[in-house]
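Enquirer: 3D, please:
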Amino acid sequence: MPSPAKPRRAPGGRAKSRRGDPQDAAYLALLADKIREARAQRGMTRNALAADSGVSLRFLAQLESAQGNPSILVLRRIASAMGFPLDNLLSTDPAPTIDRILLMQMLKRLSDDEAALARELLTEHLGRDAAAEAGKPYITLIGLRGAGKTTLGRRLAKHRGVPFFELDREVEREYGATIGEILQLHGQPGYRRFERESLQTVLSQNAAAVIETGGGLAADPETLPLLLEHSIAVWVRASPEEHMQRVIDQGDLRPMARSREAMRELKDILKAREPFYRQAHLHLTTSGKNADQSFEELLCLLGRGK
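Expert: This next block holds a predicted model:
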């Protein structure tokens, strides 16, 4: 009697993907969502991501449509067999302690509302002190372009008698190149590093300041904690329609100038970045308000005596 046929293997000893496996399909769909969301958080087009990563545009399109590489599935199966989180398996960081693993497992079981409550409780017991926050000499304005950060930032700095910094301009001045040139030479990771270094320079060289940040800064996992620790962060927000109209009024449609679906992309970016923006200490909505009204509300949020 002939022996059972062995599973066919791809080069390198990897077993080929099982066609139609529902777990594989679910994982590939999740992977596609993660790639699209991460790209939206950074405001990157697929072309830009392909150029920065060296991955072909065609392959990125396949990944974002849930058509993955079987080698990724092999890694997922190995992680699943060990009961080990795939992110930790792929990460170059040291293995987490058992306390951290247990904590992450607890957080994964929480709903979005429960997670928000847990963050508030942790902040209250382990994190920021309200009195200490109020006395911070730095104010940072975060949010997407077109919300009114520059106008409000300049007025607030004049009101407080402190310098005003546009962090994007500080990066350009420090490194002697435009944002576009820096992105072309160093990619998103390089630009985020320069951005973080410029923020640290502003904080170290000024006793107090108002700082306007770029729209993607809050999505950087290293820079956002730095900003929250050293400044009072204000999320300046508006409706997608007002964001778009204000950018049009400025005569610039970056970063979506060539997109036929600019509004959809803008909404995707706002949705992807909102969890990061929500970490700000204060939230200011400028929709339906003129500059004077928004500034008065900002002063009320901060406290007129500060």
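Enquirer: hey, where'd the strands end up in this protein?
Expert: Ranges of strands in the chain, per DSSP state E, are 9-10, 14-15, 138-142, 164-166, 209-212, 232-237, 282-285.
Enquirer: Is it possible to get a markdown table of those that adds distance to residue 105?
Expert: For every residue, glycine as well, the C-beta is placed using N, CA and C. Listed next are the strands of the chain as a markdown table, based on distance: least, Cβ to Cβ, whole Å:
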| stretch | distance to residue 105 |
| --- | --- |
| strand 9-10 | 33 |
| strand 14-15 | 29 |
| strand 138-142 | 31 |
| strand 164-166 | 41 |
| strand 209-212 | 37 |
| strand 232-237 | 30 |
| strand 282-285 | 31 |
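Enquirer: which stretch among those strands comes nearest residue 111?
Expert: strand 282-285 (21.4 Å; Cβ to Cβ).
Enquirer: quick one: low-confidence ranges for the stretch 151-300 of the chain?
Expert: 250-260 (pLDDT under 70).
Enquirer: let's see 80
Expert: Scanning the stretch 151-300 of the chain for pLDDT under 80 picks out 243-262.
Enquirer: circling back to that earlier point, for residue 41, which of the strands of the chain is the nearest?
Expert: strand 138-142 (13.1 Å).
Enquirer: follow-up on the earlier one: the strands of the chain: which one's closest to residue 199?
Expert: The stretch from these with the least distance to residue 199 (Cβ to Cβ) is strand 209-212; that distance is 7.2 Å.
Enquirer: So in that sheet, which strands flank that closest one, and in what orientation?
Expert: strand 138-142 (parallel), strand 164-166 (parallel) (DSSP bridges).
Enquirer: quick one: buried residues of the last one?
Expert: Put plainly, it is strand 164-166. Neighbour counts using 16 or more other Cβ atoms under 10 Å place 164-166 of strand 164-166 among the buried residues.
Enquirer: Can I get those in CSV including distance to residue 39?
Expert: Output for the buried residues of strand 164-166, formatted as CSV (distance: Cβ to Cβ, whole Å):
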residue, distance to residue 39
164, 31
165, 28
166, 25
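Enquirer: Tell me if I'm right that residue 159 and residue 298 touch.
Expert: No. Using Cβ atoms under 8 Å, residue 159 is not in contact with residue 298; the gap is 9.4 Å.
Enquirer: report the longest helix in this structure, please.
Expert: Using DSSP state H to define each element, the chain has its longest helix at helix 179-205.
Enquirer: nearest spatial neighbour of residue 194, skipping sequence neighbours?
Expert: Leaving aside its sequence neighbours, residue 194 sits nearest to residue 171 (Cβ to Cβ, 6 or more residues apart in numbering; 5.1 Å).
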